[in-house]
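>>> no FASTA, just this:
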């Protein structure tokens, strides 16, 4: 049985200009891996309605879930909700339950809930709200698209409210073996192990520390028995090549 | 005159599983912004030849430049060079100039330059090499696609060798105004300034510190005079709303 698949769409000029380092997709990636949902693609697009609509439609047709971050605040460059409504061909308007969530943030909502802030209560028709315990303004899910904030603290809180409600699969677990041998020394036999065990994904990630080369060999599988069997093969291969002090890490 | 456009393609299961936080696209984004090349899209795809080929062909048809990172090492999961050759419909083989660059890294190249390491000298037909001053194994450019390593230190060194050779445009400069007013207080008048100055891009980025809300308003333009004129309008608007201690930052 295959795990559900997912894509992430990061929306924002500030990522593409380099002003801001995106960390939301890494957070989501780790959270989905734990939940047995396979993140298969990430895209970053600018604050441009046509670009957002085109990317959303491509991704939602292809994957079981699409998660977005960014562009749902009160300012003129926050156009994600409108783009999502357009992608789905539905209307969008201020919704009372969203307005009520927003109003709770202000001592004097009649004054403070101005036209700009009310934009954050505009929700595409047919969507359900995603709770925002940090700053009130909700995200929303429509079809298989989940629309969340760009501010990392808010994005993370929304993910924690949303992801446990989604149907996951078997989590992908991993065993990592860290060794002080250069990647090129182990690449040949590692490739043979990979070719003989195609059901377990094997990656190699080189590093350099204090002028010495090393690598981290990572096996990943949904099947704990197969994972351990392949990890044992890799460990034996490393020992055979004279590796000393192999460090081992396991995902939870 | 429009600036050249670009996309970045990040290749690697380790990014999509959340094991590794991608920092290469942020580095490239900042470097391209300085050079007057507009980064318009980033995609992250897994170590899967069909996925890499499809993304490469979509991006290289649409943008002036495509920069890739990842998948050019010695191990079985390093399949980027083959995928690029397939996307361009050209052959790929070990090239003598690339082999010579690799050989310089080893005291005893006849032993150490094993079959796995020689994979790093396989270059698609018609490509030109990108120098790797850090660890020898070169990247390459073919058509409008520039193929670089995933290890950040190597990626950065390759970018520094490559980007100055590309024809850039006028750099996009920015003025950032940091103010201790919540975004929703300034969103209305900021939107009016944005609507009246469509040639200057204006973004708003909220933050929270010590329980107080603030925002950073960023104007971006290739035209220094228009940039300063619009920044002055934003500053006047903030002062009018009682903002105190506005902090101002300029890109170089």
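Received it, and whenever you're ready, just let me know what you need. In this text, all values refer to a predicted model and were calculated from it rather than measured experimentally.

>>> Going by C-alpha atoms from here, please, whenever you check contacts or count neighbours.
Will do.

>>> Number of residues surrounding the closest residue in space to residue A:172 that isn't next to it in sequence?
Take residue A:172 and drop its neighbours on the chain: the residue closest to it by C-alpha to C-alpha, 6 or more residues apart in numbering or on different chains is residue A:222, 4.5 Å away. The number of residues packed around residue A:222, counting by other C-alpha atoms under 10 Å in any protein chain shown, is 18.

>>> Retrieve the pLDDT associated with residue A:222.
We have a pLDDT of 91 for residue A:222.

>>> What residues does the stretch 101-250 of chain A have near chain B?
Within the stretch 101-250 of chain A, the positions lying close to chain B (C-alpha under 8 Å from any C-alpha of the partner chain) are A:112, A:114-117, A:151, A:183-185, A:187-188, A:190-191, A:194, A:202-204, A:206-207.

>>> Filter the residues you listed down to just the ones in helices.
A:112, A:115-117, A:183-185, A:187-188, A:190-191, A:194 (DSSP state H).

>>> Any chance of a ChimeraX selection covering the buried ones in those residues?
This is the ChimeraX syntax for the buried subset of those, where burial follows 16 or more other C-alpha atoms under 10 Å in any protein chain shown:
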select /A:112,116,117,183,184,185,187,188,190,191,194
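
>>> Can you lay out the ones in helices among the residues of the stretch 101-250 of chain A next to chain B as CSV showing distance to residue A:17 and pLDDT?
Output for these, formatted as CSV (distance: C-alpha to C-alpha, whole Å; pLDDT from 0 to 100):
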residue, distance to residue A:17, pLDDT
A:112, 32, 87
A:115, 29, 93
A:116, 25, 94
A:117, 26, 94
A:183, 34, 92
A:184, 36, 92
A:185, 39, 92
A:187, 37, 95
A:188, 40, 95
A:190, 39, 97
A:191, 38, 96
A:194, 39, 97
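
>>> show me the contacts for the residue nearest to residue A:246 when sequence neighbours are not counted.
Nearest-residue entry for residue A:246: residue A:179, 5.1 Å, with adjacent residues in sequence omitted and distances by C-alpha to C-alpha, 6+ apart. Residue A:179 makes contacts with A:214-216, A:243-247, as judged by C-alpha atoms under 8 Å, 6 or more residues apart in numbering or on different chains.

>>> all strands for the stretch 1-150 of chain A, in order.
Under the criterion DSSP state E, counting those that start in this stretch, the stretch 1-150 of chain A contains strands at A:5-11, A:38-45, A:65-69, A:92-94, A:122-124, A:128-130, A:139-142, A:145-148.

>>> Of the ones you listed, which is nearest residue B:38?
Nearest to residue B:38, of all those, is strand A:38-45, at 12.1 Å by C-alpha to C-alpha.

>>> so of the strands of the stretch 1-150 of chain A, which one's packed in deepest?
Scoring the strands of the stretch 1-150 of chain A by mean neighbour count under mean count of other C-alpha atoms under 10 Å in any protein chain shown gives strand A:145-148 as the most buried, with a mean of 27.

>>> Just checking: what are the partner strands of it?
The partner list of strand A:145-148 in its sheet, established with DSSP bridges, is strand A:65-69 (parallel), strand A:139-142 (antiparallel).

>>> Ok, which of those comes nearest residue B:174?
Go through the strands paired with strand A:145-148 one by one with C-alpha to C-alpha and the one that ends up closest to residue B:174 is strand A:65-69, at 23.4 Å.

>>> Kind regards, and thank you for your time.
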